[in-house]
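[1] next come a sequence and a model predicted from it.
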Amino acid sequence: MSELEFRTAIRDALDEEIARDPSVVFFGEDVAKAGGVFMTTPELHDRHGQERVFDTPISELAMAGAAFGAAVTGLRPVIEIMFGDFMALPMDSLVNQAAKYWYVSNEQASVPLVVRSAVGAGGRFGAMHSQIHASWFQGIPGLKIVAPSNPADAKGLLKSAIRDDNPVIFLEHKRLYSVKGPLPREETVPLGRANVVREGGDLTIVSAFKGVPDSLAAAEELARDGLEAEVVDLRTLRPLDGGIVLESVAKTNRLLVVEEGPRTGGWGAVVLGIVAAEGLHDLDDCWHLGTDETPAPYSPTLEDAFLPGPAAITAAVRDRLGVPA
Amino acid sequence: MARAESERPTRGRERAAEPPADYLSLYGRMRLIRRFEEEIQRLFLRGEVHGTTHLSAGQEAVPVGVCSALEPGDYAAGTYRGHGHALAKGTDPEALAAEMLGRSTGVCGGRAGSMNVVDLEHGLVGCFGIVGGSIGAATGAAMSAQRQGRVAVGFFGDGASNQGYFHECLNWAQVFDLPVVYVCENNFYGEFTPMASVTAGGEIGMRAAAYGMTSRVVDGNDLWAVREAALEAVTRAREGGGPTLLECQTYRHYGHSKSDPGKYRPPDEVERWLARDPLQLARARLKELGVSDDDVNELEAEIDATMDRAVEAALAAPYPDPQEDAGGEFKR
């Protein structure tokens, strides 16, 4: 087997970490006996037993509260909040308890907790099953936010998240679950470190999640116009690796941020803010491609137009740089 | 499987095997909480306690009675009216007072303040500034406790019984048979609003029946009654019998917070409850049981001296240095 599917990467990371550390427990709605609604966690319950992997009531607030309380008393819970949209329900526990505990307790204990969710639009799921909740948590000190774009990173980042002593929000883009990619080269991928996934000298495109393969596809198209784009995969949105972005912009002098989400209050604005504050002297141009300031629509024509896919990225670059199509 | 039962408040029976001296020390803990709250009120008016603070005077029998049923390794989660929860669980009064004053010797180094105290060394998972948060934290601690042979307790008020945390976590704890005791300190007011005007169904204890959970309604001003109900619930939890909801009916002597004189409470109601001050009730009961006034007075003097020393030391302690505080976002 020379390739790894994204959903299998998630399952394997959980499987290996549950086996590796007896304090890791995994729970959520339909994750155990059913194996997850996106079939990301099959067989884990059979392999590790009811003590380690179990189904819960549809009670997101209780789930997060229980995970928090368990995390500060000796367990390392991984929970699944099925769709990212449901993260509005457990926010009190995650924002006011888990995120603040290490600091407020004066470092008596940290909160080793991972919250996994399926996120993103493009699946025709409508407005309440298509959001990416990263930006809801972007401004909360004490939380880490992980945004993998490919199977190898997904596995290594999830393993790092489970081993991390701090609360980690781990987001899995729905339209990546069936993507296959090369096997991981390292056992873990460090949190907080971005990655240059394509080198180029004319333009830097920064993205995360599904936006990374979309940006890579756009970069191939732009190469035919003679434009070489460098693509930076952020991989972690908080803490955000501004260093790699600044290095790339120093080389290309142009920056496009591609974000699946509204531009107002998004992580893309954080990237632009860092570059404005620390790399303005390197910058000839920068802009931000996001979604409209509306909820995600349902109808395929509307949803396709809503998303900043490869064609939209290519068109945006050509338009901005005055390159005829 | 269903063990639903809800009993009316009962006067605590003297536990035959327990010498009155044990209760004398519990009375001492109640006295410590009372004196602590009086000092915090005084220091607040002097501008030494910052922001806001929620005092638990009048409710001392609940945390003291409940925590007396716990082993040192057991867990408790408290509320923003949590000074009593911390002191009953064993937090050092000097470290707690210093925390209220925002000093570096505080139990959380001055980072937490009055509403968010954590003292894991004494099993205090935390006090939570948002209504209902302690219920979630106790439920999670009970998941660890189940694997560790321990018990977890969650204190919360009547207001929290209308939060999602309450209903979701009671269901959760019953489904997973968790060793947890949910202790509702029903002081009949959610902030400024009478509990009865915003709470359907009458007794909060009865809500447990919907989840097949055992519950009891207890006179929360009677140390003996609280301790007896807590011992029963904690024993059940430790023996694998699952969770219990205890509704302890009590009353706060002060308003909701520092800005609240509590004028929404009818004077005759306040008078009735003040006449049932849990400390006075406990003192009278100790006397009935043959404890001499001298012994009680001696203990009180000792407690008062402890509290005086704690405040003096806390006031003498330095404020934390912002330079040294930097960079604490993540555990590395």
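    Yep, that arrived. Numbering: from 1, shown residues only, chains lettered A, B, ... in the order given.
[2] following the chain onward from the longest helix anywhere in chain B, which element is next?
    Counting by DSSP state H, the longest helix found in chain B is helix B:20-45. On the C-terminal side of helix B:20-45, the closest following helix or strand by DSSP states H and E is helix B:61-67.
[3] which strands and helices sit next to that next one?
    Packing partners of helix B:61-67 (3 or more C-beta pairs under 8 Å, 6 or more residues apart in numbering or on different chains; DSSP states H and E): helix B:20-45, strand B:75-79, helix B:83-89, strand B:152-157, strand B:180-186, helix B:223-238, strand B:244-249, helix B:278-288. C-beta: built from backbone N, CA, C; applies to glycine.
[4] could you pull up the mean pLDDT of that helix?
    The predicted model assigns helix B:61-67 a mean pLDDT of 98.
[5] how about the helices in the stretch 151-300 of chain A?
    Along the stretch 151-300 of chain A, counting by DSSP state H, counting those that start in this stretch, helices occupy A:151-163, A:211-223, A:242-252, A:267-278, A:300-306.
[6] which of these is buried the deepest?
    Neighbour counts (mean count of other C-beta atoms under 10 Å in any protein chain shown) averaged over each of these peak at helix A:151-163, with a mean of 24.
[7] surely A:Ser59 touches B:Leu170?
    No. Assessed by C-beta atoms under 8 Å, A:Ser59 is found out of contact with B:Leu170, at 10.3 Å.
[8] who's more crowded, these two?
    Each of A:Ser59 and B:Leu170 has its neighbours counted (other C-beta atoms under 10 Å in any protein chain shown); B:Leu170 has more, 25 against 21.
[9] regarding the more buried one, what is its secondary structure?
    Under DSSP: H, G, I helix; E, B strand; the rest coil, the three-state class of B:Leu170 is helix.
[10] my read is that it contacts B:Ser215, right?
    No. B:Leu170 is beyond contact range of B:Ser215, at 9.6 Å (criterion: C-beta under 8 Å).
[11] shared neighbours, these two?
    Common contacts of B:Leu170 and B:Ser215, defined by C-beta atoms under 8 Å, 6 or more residues apart in numbering or on different chains, comprise B:207-208, B:245.
[12] need the residues of the stretch 1-150 of chain A near chain B, please.
    Applying C-beta under 8 Å from any C-beta of the partner chain, one finds that the stretch 1-150 of chain A approaches chain B through A:25, A:51, A:56-57, A:59, A:61-75, A:89, A:92-93, A:96-97, A:100-110, A:141-142, A:144.
[13] one more time with 7 Å, if that's ok
    By C-beta under 7 Å from any C-beta of the partner chain, the residues of the stretch 1-150 of chain A that approach chain B are A:57, A:59, A:61-62, A:65-70, A:72-75, A:92-93, A:96-97, A:102-110, A:141-142.
[14] can you flag which of those belong to strands?
    Taking DSSP state E, every one of those sits outside strands.
[15] mind giving me the ChimeraX command for buried ones among these?
    If you want just the buried ones from these in ChimeraX, going by 16 or more other C-beta atoms under 10 Å in any protein chain shown, the selection is:
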select /A:59,61,62,65,66,67,68,69,70,72,73,74,75,92,93,96,97,102,103,104,105,106,108,109,110,142
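[16] now, which of the residues of the stretch 1-150 of chain A next to chain B lie within helices?
    Among the residues of the stretch 1-150 of chain A next to chain B, the residues falling in helices (DSSP H) are A:61-62, A:65-70, A:102-104.
[17] nearest to B:Met143 among the residues you listed?
    Nearest to B:Met143 among those: A:Ala70, at 4.3 Å, using C-beta to C-beta.
[18] so who does that closest one touch?
    Neighbour list for A:Ala70: A:77, B:140, B:143-144 [criterion: C-beta atoms under 7 Å, 6 or more residues apart in numbering or on different chains].
[19] highest neighbour count among those residues?
    Most surrounded of these: other C-beta under 10 Å gives B:Gly140, at 36 neighbours.
[20] next, the buried residues of stretch B:268-284.
    Buried positions in stretch B:268-284, judged by neighbour count with 16+ other C-beta under 10 Å: B:273, B:277-279, B:281-283.
[21] how long is it end to end?
    Distance across stretch B:268-284, first residue to last, is 23 Å (C-alpha to C-alpha, to the nearest Å).
[22] A:Val197: how many residues sit nearby?
    A:Val197: 20 neighbours (other C-beta under 10 Å).
[23] and for B:Tyr27, the neighbour number?
    The number of residues packed around B:Tyr27, counting by other C-beta under 10 Å, is 26.
[24] dump the residue contacts of it.
    Counting by C-beta under 7 Å, 6+ apart, B:Tyr27 has contacts B:282-283, B:286.
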